[in-house]
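A.B. asks: Sharing a model prediction with you, sequence too.
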Amino acid sequence: MSDPAHPEAHPAEGYAGDITPQQAWDLLAADPGATLVDVRTQGEWRTIGIPDTTSLEKQPLFAEWVQAGGRPNPGFLEELKAAGIGDGPIVFLCRSGQRSIGAARLATSAGIAPSYNVLEGFEGAPGADGVRDQQGWKVAGLPWTDGAA
């Protein structure tokens, strides 16, 4: 039986590894020091929804990895540190599990570890019909809400 506070992550270079949305939820529930960092854009938070971790008595940190227009956020690490994020575990979430890889790598290189990437992200990749309804946090049935961060 696996320990949710120490998930069996898919190996990855430069960070603790990739975990499924359910593993992310289980880690957040099992480890009082675990933090969820949603690295999507403000527009995504407003129009797509946000993870709801209130039942765990936790609030995600919302820190854009890439800002409007596709510009990297030069203050990303400073935002993490200002929010008190230092020691992990830290779970990074984006829309499809791609941008959050870069965030996990950068955090790890700055000594913020263990840092994990959530496979599939909040919505996952688009299906054959172009709709993002095949995988991800929302499809896994994990708590989320409409709204803005």
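C.D. replies: That came through fine.
A.B. asks: What is the least confident helix or strand in this structure?
C.D. replies: helix 42-48 (a mean of 90; mean pLDDT, DSSP states H and E).
A.B. asks: Show me what counts as buried in it.
C.D. replies: Under the neighbour-count criterion of 16 or more other Cβ atoms under 10 Å, helix 42-48 has 44, 45, 48 buried. Heads up, the C-betas are built off the backbone N, CA and C, glycines and all.
A.B. asks: now stretch 70-82
C.D. replies: 73, 76, 77, 80.
A.B. asks: what about the helices in this structure?
C.D. replies: Assigned by DSSP state H, the chain shows helices spanning 21-30, 42-48, 76-82, 99-109.
A.B. asks: which other residues reach the last one?
C.D. replies: Residues from elsewhere that reach helix 99-109 (Cβ atoms under 8 Å, 6 or more residues apart in numbering): 12-16, 18, 37, 39-40, 65-66, 76-77, 80, 85, 90, 92-94, 113-118, 121.
A.B. asks: model confidence over it, on average?
C.D. replies: Taken as a whole, helix 99-109 has a mean pLDDT of 96.
A.B. asks: Just list whatever residues bridge to the residue nearest in space to the middle of the chain.
C.D. replies: Central residue of the chain (Cα atoms, centre = their mean): residue 93, 1.9 Å from the mean position. In this entry, residue 93 is beta-bridged to residue 38, by DSSP bridges.
A.B. asks: circling back to that earlier point, let's see the least confident helix or strand of the chain as CSV, backbone CA atoms only.
C.D. replies: C-alpha atoms of helix 42-48 as CSV (Å, rounded to 0.1, in the frame of the first residue of the first chain):
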residue,chain,number,x,y,z
GLN,A,42,-5.6,35.0,-14.4
GLY,A,43,-7.8,34.5,-17.5
GLU,A,44,-7.8,30.8,-17.1
TRP,A,45,-8.6,31.0,-13.4
ARG,A,46,-11.6,33.3,-14.2
THR,A,47,-13.0,31.4,-17.2
ILE,A,48,-12.1,27.7,-16.5
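A.B. asks: Against which helices or strands is it packed?
C.D. replies: Counting contacts by 3 or more Cβ pairs under 8 Å, 6 or more residues apart in numbering; DSSP states H and E, helix 42-48 packs against no other helix or strand.
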